[in-house]
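Visitor: The sequence and its predicted three-dimensional model are supplied below.
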Amino acid sequence: MKKILFTSIFILITNLTFSQTENPKCKVVVNTFEKNYNTNNFETIFSMFSNNLKTAIPLDKATSFLTNLKTQAGNITNREFVKYKNGTYASYKTTFERVVLVLNISIDDNSKINGLFVKPFVEEVNSGNVINNLSSKDNLITKKQSKIIFTNSKSFPNQTQIAIAIINNGKVSYFGTKRNNDTISISNNHKSTFEIGSITKVFTSTLLSEFITNKKIKLNDNINDYLNLSFKNKTKISFKDLANHTSGLPRLPSNIDLAKVNPENPYKEYKEKELEEYLTNHIELSNKGKYQYSNLGVGLMGFALSKIENTTYKSLLEDKIFSKYEMQNSTVDINNVKGKLVAGINNEGNEAPNWEFSILAGAGGILSTIEDLSKFVIAQFNPSNKALKLTRQKTFQINDNMDIGLGWHLLKSQSKNIWYWHNGGTGGYSSSMAIDTKSKNGIIILSNVSAYNQDMENIDKLCFGLMKTL
């Protein structure tokens, strides 16, 4: 099956409960959605959105998403209701002209769409006969933690590895798992290397904070003043806006043709020449001043910081972060991986090639271990570390439950302490990291679960579930 690289929209508002037969109202809505999608009536689809979804996903963003999906996948040719997931949204196995995807839609009491999520389709792994061989007899984890780990990992494919760092009151312990056929067992993988995906953004923002605390730049400075480039329409973008995703930049630059890139390594050929060409000829901002997650934005920030120092992003990380926190097994160059590299697993459960982020490495290019990441987390508990403290300061309110600092997302937890969180995903890996600096607790999870796996959200569920046990 040809793989498709796309950006999904996912906003879930309701908490409705359905049986496992297709709700008639939902069927009508999805039929109408399919008809208008196939005839390119994207404004009509937008009119089907709830008011909350229209606010969160404006017309231009919704149209861009649907156009992108149409370019890559083609028209819908068949649709099969599968089930309701989490008691909220209807999940459909949807055959497009060029790929089979999962189309998830939720509706409110007025039959308006308040959730829309598209991702690759994979047959579900039979988790009913999986054997739990995660012993807690050595007191590495509690019985409750063992159950949480097993519950959230039993649906992942054969050869899945999950590496977990549990930081309790500043003390670190490690726990790892590996699935062999139908058995999930303990694995000693805390020194093994994984792609960390977008957790990289926290490190890029930490570089920014180092520059600020060393008075090389100011947070509200425009990157334009540090790049020898003429931005299209003299567009101005600040470092702060790049770090907290309010710049108005899209998720990816418009001169990446997602229909033509190698989906197994989509960023490899996007280099400095292409980025500069985008900035001078194509850059356009939408919803500036609002939260709009952007790989491009943080990748651009990493590029700008390297230009200021007249060096590479790789060298910046090594000189200012990896050496400082003794992260000896972290790198952005796969050729420099010192220890065992865990092979990624793709959407079909087969070994996946590693991603090379090239000029956008600041968005997701780091490979690391939970041992190294633990050192970085422990450093967050030092109140005298001004650079790290700055990254955790609120710069923008996303919604009632989440703010954002510089890189870190700030979650308002049940304990009333702030949880500083970020996750990541690539073609062969998923990750999640959450810390509580007041209690000095944290959970770090690295895995070779594909970001395109239909249950990849279980990595975040595992992270938050374990945090609640501390």
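Guide: Cool, the structure landed.
Visitor: What about Tyr420, how many residues nearby?
Guide: Using other C-beta atoms under 10 Å, Tyr420 has 22 neighbouring residues. (Glycine included, C-beta is placed from N, CA and C.)
Visitor: which SS class is it?
Guide: Classification of Tyr420 using DSSP: H, G, I helix; E, B strand; the rest coil returns strand.
Visitor: now it, nearest residue through space, not along the chain?
Guide: Leaving aside its chain neighbours, Tyr420 sits nearest to Trp408 (4.4 Å; criterion: C-beta to C-beta, 6 or more residues apart in numbering).
Visitor: can you count the residues close to that neighbour?
Guide: Using other C-beta under 10 Å, the number of residues around Trp408 comes to 29.
Visitor: how near is it to His282?
Guide: 30 Å (C-beta to C-beta, to the nearest Å).
Visitor: Equivalent analysis for Ala163, please.
Guide: In this view, Ala163 and His282 are 39 Å apart by C-beta to C-beta.
Visitor: what about the two, which has more around it?
Guide: Ala163 (28 against 11).
Visitor: For the more buried one, what are phi and psi?
Guide: The phi/psi pair for Ala163 (degrees, to the nearest 10) reads phi -110, psi 130.
Visitor: partners of it in the sheet?
Guide: Gly176, Leu446 (DSSP bridges).
Visitor: How are the strands of the stretch 101-250 of the chain distributed by residue range?
Guide: Here the stretch 101-250 of the chain has its strands, by DSSP state E, counting those that start in this stretch, at 113-120, 131-133, 161-168, 171-180, 183-186, 194-195.
Visitor: Out of the ones you listed, indicate the one that is most buried.
Guide: Most buried of these by mean neighbour count (mean count of other C-beta atoms under 10 Å) is strand 194-195; its value is a mean of 30.
Visitor: residues in contact with that one?
Guide: Residues outside strand 194-195 that contact it (C-beta atoms under 8 Å, 6 or more residues apart in numbering) are 163, 342, 344, 354-355, 364, 366-369, 424, 426, 428-429, 431, 446-448.
Visitor: And stretch 209-226, by the same measure?
Guide: Against stretch 209-226 from outside (C-beta under 8 Å, 6+ apart): 208, 231, 235-240, 242, 300-301, 304-305, 307-308, 320-321, 386-388, 390-391, 406.
Visitor: are any of the residues you listed buried, and which?
Guide: Buried subset of the contacts of stretch 209-226 (neighbour count, 16 or more other C-beta atoms under 10 Å): 208, 231, 235, 237-240, 242, 300-301, 304-305, 307, 320-321, 387-388, 390-391, 406.
Visitor: What about those residues, which are in helices?
Guide: Applying DSSP state H to the buried ones among the contacts of stretch 209-226, the entries found in helices are 208, 239-240, 242, 300-301, 304-305, 307, 387-388, 390-391.
Visitor: helix or strand for Val397, which one?
Guide: You called it Val, but residue 397 is Gln. Using DSSP states H and E, Gln397 sits within strand 396-399.
Visitor: How is the most centrally placed residue in the chain assigned, secondary-structure-wise?
Guide: With distances taken as C-alpha atoms, centre = their mean, Gly424 lies nearest the centre of the chain, 3.7 Å away. When classified by three-state DSSP, Gly424 comes out as strand.
Visitor: In space, what's closest to it - neighbours in sequence excluded?
Guide: Gly424 sits nearest to Gly197 (C-beta to C-beta, 6+ apart), 2.5 Å away.
Visitor: In three-state terms, label Ile435 for me.
Guide: Assignment for Ile435 (three-state DSSP): strand.
Visitor: sorry, back to before: hmm, which two among the ones in helices among the buried ones among the contacts of stretch 209-226 are most spread apart?
Guide: Taking C-beta to C-beta, the two most distant members of those are Lys307 and Leu388; they sit 23.7 Å apart.
Visitor: Enumerate the helices of this protein by residue range, in sequence order.
Guide: Using DSSP H, helices in the chain cover 24-38, 42-47, 51-56, 59-73, 143-153, 200-213, 239-243, 272-281, 295-309, 313-317, 361-364, 370-380, 386-391, 457-467.
Visitor: Looking at the ones you listed, spot the one closest to Ile398.
Guide: Closest approach to Ile398 among the helices of the chain is made by helix 51-56 (10.3 Å; C-beta to C-beta).
Visitor: on contacts alone, who are the packing partners of the closest one?
Guide: strand 113-120 (3 or more C-beta pairs under 8 Å, 6 or more residues apart in numbering; DSSP states H and E).
Visitor: ok now the strand it packs on, how far from the chain's centre?
Guide: Using C-alpha atoms, centre = their mean, to the nearest Å, the mean C-alpha position of strand 113-120 is found 16 Å from that of the whole chain.
Visitor: Check which helices and strands it sits against.
Guide: Packed next to strand 113-120, using 3+ C-beta pairs under 8 Å, 6+ apart, are helix 51-56, strand 100-107.
Visitor: Please identify the pairing partners of the longest one and their relative orientation?
Guide: Its sheet considered, strand 100-107 pairs with strand 89-96 (antiparallel), strand 113-120 (antiparallel) by DSSP bridges.
Visitor: how long is stretch 156-163 end to end?
Guide: End-to-end distance for stretch 156-163, by C-alpha to C-alpha, to the nearest Å: 14 Å.
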